[in-house]
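K.L.:
One predicted model, sequence on top.
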Amino acid sequence: MSAASNVRWIAVTQVVKIGSQLVNMFVLTRLIPPSEYGLMAMAGIATNLAFILRDMGTAAAIIQKPELHENDSSSVFWLNMIGGLMLMLMLWLAAPFMASTFHEPRLTEVLWVLAITFPIAASSMVHQALLERVSRFRLIAGIESAASLLSLVIALLMAFRGAGVWSLTAQAVMTAACTTLLLWRYSPWRPKMLFDRASVRSVFSFSGAMAGNQMAAYVFRNADSFVVGKMLGATILGNYSLAYKLMLFPVQNISWVAVRSLFPVMSRRQDDQAYLASLSLRSLRLISFVAAPMMFGVASLSDLFVTVFLGPKWSLVGDILLFLGLVGYLQVITSIAAPVFMALGKTGWMLRLSLIGTPLYVIGYVLGARQGGAEGLAMAYLAVSIVMAFPTFHFACRLIGVRLKQFLSALLPSLLSGVAMMFCILACRGHIAATGTSLFVLLAGIGLLFWLMTVVLFQRTAAKEFFRLAFKRIKK
């Protein structure tokens, strides 16, 4: 079992998901109007909370637990099933209230349909956690890829027939159903009729704080959509939601690979501080090397990107994405702290950081929306993200004995390279007469060449490590 092997197979899944997301962004957005995306974003406020509550951190606890017994796995399975059914009932009851709050009657039926995904997904969470615990990411990659592709086909067929928001709803339901069926088919584990209270208590010693952290994270990650939907309306929320998805596109595809691949390995080596420090620094250097040009490039070309690929009806997305692109970079690099906290059982530290950050985010969203609409909210999001990055890195580095000099040595070359590339693109933009697609291609090419120059001059170590990881065996 190695982090490199995990990364490769998780990356396979992400490549398929990237393709699905690209089709979602550039095909479905032309078939489905912003107001329909706004309706799905409103539903997401409730379903995202249910998604967090469905296992209360128990899956992560199964992966992290040094010694795992059948009592633990079966007890968590039945606990998750009870939770999934309760969430479905709660969503059914809350749907009319949500629809009334947003003045969107159709939201009730959308939530009723989406609610069935929770007991479905809950029934396979232990199966997946057990596979991830032993790094069976090759099997998981095949399962998740198949589910993504099938659900995408269904969504496209429905969108072409004018189904609107129901295309997105069907995609969510099919993803959950296909993933669950395939996990049951290919996982050797089957639950037994066991429910041990002692096992549940031992799991909750880890997952209780994890669940609290996830709840706090839910508030700040969804309060922005609530504020935009309540204060600015469904159409602007549709634009903000798409900008947020464009920001999350690279964030999820980088940070999710890092967290999923590192967590099982770090958990098995949680007593080896030197190993954890070395692995964390190397991972930080690599993900920043990949994320910096991507996210700073998105920020500097956001309006042109939207004009070329999405069309004029989404013009507001470009203005919002300018700030969310920078937020995305911060989210990618700070994601490296999560597997450190979880592997060492310090989920309480994560909870305390979230309890400090969440009120700051919510206050920032409200003030930003009042002063500058959706763009002002995005600016506030960026400001608070910068503030919260400092304590997150401080505590993670303290846990594994990483000094400030080591941290800066891993991060600064790629960070400064990305910032310099962004200013280069912005400076060149005022001196090129082209417009539209031609301007976008020229500026993207200039930015890429500038970044490659900085790689040759300042980032050779990171570049070599990246290609070694991608195409060869990574050094132990």
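P.N.:
Looks like it arrived, so ask away.
K.L.:
which stretch of helix or strand covers residue 389?
P.N.:
helix 347-400 (DSSP states H and E).
K.L.:
Tell me where the model's unsure across the protein.
P.N.:
Within the chain, the ranges that satisfy pLDDT under 70 run 1-26, 49-56, 205, 252-253, 255-260, 469-476.
K.L.:
Could you point out the helix or strand that follows the helix holding residue 389?
P.N.:
Of the helices and strands lying after helix 347-400 in sequence (DSSP H and E), the nearest is helix 404-429.
K.L.:
what's the angle from that following helix to helix 347-400?
P.N.:
100 degrees (axes from the mean of the first three to the mean of the last three C-alpha atoms, to 10 degrees).
K.L.:
list the helices and strands helix 404-429 packs on?
P.N.:
Applying 3 or more C-beta pairs under 8 Å, 6 or more residues apart in numbering; DSSP states H and E, we find helix 404-429 packed against helix 273-300, helix 347-400, helix 436-458. C-beta: built from backbone N, CA, C; applies to glycine.
K.L.:
Count the neighbours of residue 386 for me.
P.N.:
12 (other C-beta atoms under 10 Å).
K.L.:
gap between it and residue 279?
P.N.:
Distance, residue 386 to residue 279, using C-beta to C-beta, to the nearest Å: 26 Å.
K.L.:
go on, residue 254?
P.N.:
For residue 254, the distance to residue 279 - C-beta to C-beta - is 16 Å.
K.L.:
Next: residue 48.
P.N.:
For residue 48 relative to residue 279 (C-beta to C-beta), the value is 30 Å.
K.L.:
of those two, who's got more company?
P.N.:
Neighbours around residue 48 and residue 279, counted as other C-beta under 10 Å, are more numerous at residue 279. The numbers are 20 against 16.
K.L.:
right, and that one touches residue 263 too?
P.N.:
No. Judged on C-beta atoms under 8 Å, residue 279 makes no contact with residue 263 at a distance of 11.3 Å.
K.L.:
Of the helices and strands packed on helix 404-429, flag the one that's most buried.
P.N.:
Among the helices and strands packed on helix 404-429, ranked by average contacts under mean count of other C-beta atoms under 10 Å, first place goes to helix 273-300 (a mean of 21).
K.L.:
from memory residue 332 sits against residue 248, does it?
P.N.:
No. The criterion here is C-beta under 8 Å, and residue 332 misses it with residue 248 at 10.4 Å.
K.L.:
In terms of neighbours, single out the busier of these two.
P.N.:
For the pair residue 332 and residue 248, the greater number of neighbours falls to residue 332 (25 against 18), based on other C-beta under 10 Å.
K.L.:
excluding its backbone neighbours, what's nearest that one?
P.N.:
Take residue 332 and drop its neighbours on the chain: the residue closest to it by C-beta to C-beta, 6 or more residues apart in numbering is residue 291, 4.2 Å away.
K.L.:
In contact with the one you found, which residues?
P.N.:
With contact taken as C-beta atoms under 8 Å, 6 or more residues apart in numbering, residue 291 is in contact with 250, 251, 254, 328, 329, 332, 333, 414.
K.L.:
Report the inter-axis angle for the helix or strand hosting the fourth one versus helix 273-300.
P.N.:
Pointing back at residue 328 there. Assigned by DSSP H and E, residue 328 belongs to helix 315-334. Helix 315-334 and helix 273-300 meet at an angle of 170 degrees, taking the same axes, to 10 degrees as the criterion.
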